[in-house]
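Trainee: For reference, the sequence and a predicted model appear below.
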Amino acid sequence: MKRWSCFLVFALLLAALPALAEWSTQDSREIRESRPARTGQAYGTNYIPEGTRFVVVLDDRLDTSRLQQGKGFKAKLGEDLAAPNGEIIPRGKRVKGHISAVDAGFHGRLLLSFDQIDTNHGWVPLAATVTDVPGEHAIKTSTEGEVERSVDKRRTTEAAIAGAAVGAGTGALAGGGRGAVIGAAVGGVVGGTAGLLTGRNINLNKGQQLELQLDRPLQVPSH
């Protein structure tokens, strides 16, 4: 009798195994689906994914000849930002940032950091990098997000030629043929340097668009 009882219990357990396995799998799936997705950092459907590109419009003028590290600046969202769940940060919402680094030397550089963005339900942290300055062909961006002044080689060459011509004329008046050669050399250096110095600073006017890329997922609060 005991043997038959054990056999019956064993048979019942075997019969129940598929149902238990299915229940366990379904339960695990529900747990996974209830958790936020992960791409380097946990986020759910109310987060705009990392790498998303969008445009902001400056509300302040940024001039490297006058800026200091740490100075704050303001901008506004130039287009709607939508999360996968349909929540939106509308165009025109305010953005806050600060100057991380600035260089007004021969090769102007500007590094902008973005701190916060306003939403329909308050301010949230924003981490983004400048990827482009639309419409400004004399300005480029690096992979680190630095905004840099491109050296205009054509203008520098033209300035050097003009300087050489002026120097040659002055040298000829002062010392004949040899003076013309020396004057041309000096004039060329001075003219080339003037070409480098002209427009060396970065000047981003109010209303300038900046293309940004999210460095981390951006939360869009729903309440």
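Mentor: Perfect, I can see it now.

Trainee: Domain boundaries for the protein, per the record?
Mentor: Domain assignment for the chain, taken from automatic domain parsing, gives 2-35, 48-151+200-219.

Trainee: how about those domains in TSV, adding mean pLDDT and mean neighbour count?
Mentor: No exception for glycine: its C-beta is placed from N, CA and C like everyone else's. Converted to TSV, the domains of the chain look like this (pLDDT from 0 to 100; neighbours: other CB atoms under 10 Å):
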stretch	mean pLDDT	mean neighbour count
domain 2-35	46	9
domain 48-151+200-219	93	17
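
Trainee: Kindly provide the distance from residue 100 to residue 219.
Mentor: 23 Å (CB to CB, to the nearest Å).

Trainee: nope, residue 149 is what I meant
Mentor: When distance is defined by CB to CB, residue 149 is 35 Å away from residue 219.

Trainee: how about the helices in this protein?
Mentor: Defined through DSSP state H, the helices belonging to the chain, from first to last, are 2-34, 153-197.

Trainee: Could I get the average pLDDT for the last one?
Mentor: Across helix 153-197, the average pLDDT comes to 47.

Trainee: beta partners for the spatially closest residue to residue 125 that is not a sequence neighbour?
Mentor: Computed as CB to CB, 6 or more residues apart in numbering, the closest residue to residue 125 that is not its neighbour in sequence is residue 116, at 6.2 Å. Here residue 116 sits in beta bridges with residue 96, residue 125, going by DSSP bridges.

Trainee: Would you agree residue 210 is in contact with residue 130?
Mentor: Yes - using CB atoms under 8 Å, residue 210 is in contact with residue 130, at 5.4 Å.

Trainee: Tell me the spacing between residue 68 and residue 59.
Mentor: In this view, residue 68 and residue 59 are 18 Å apart by CB to CB.

Trainee: so who does the closest residue in space to residue 209 that isn't next to it in sequence touch?
Mentor: Using CB to CB, 6+ apart and skipping residues adjacent in sequence, the residue nearest residue 209 is residue 134, 4.9 Å away. Taking CB atoms under 8 Å, 6 or more residues apart in numbering as the contact definition, residue 134 lies against 55, 209, 210, 211.
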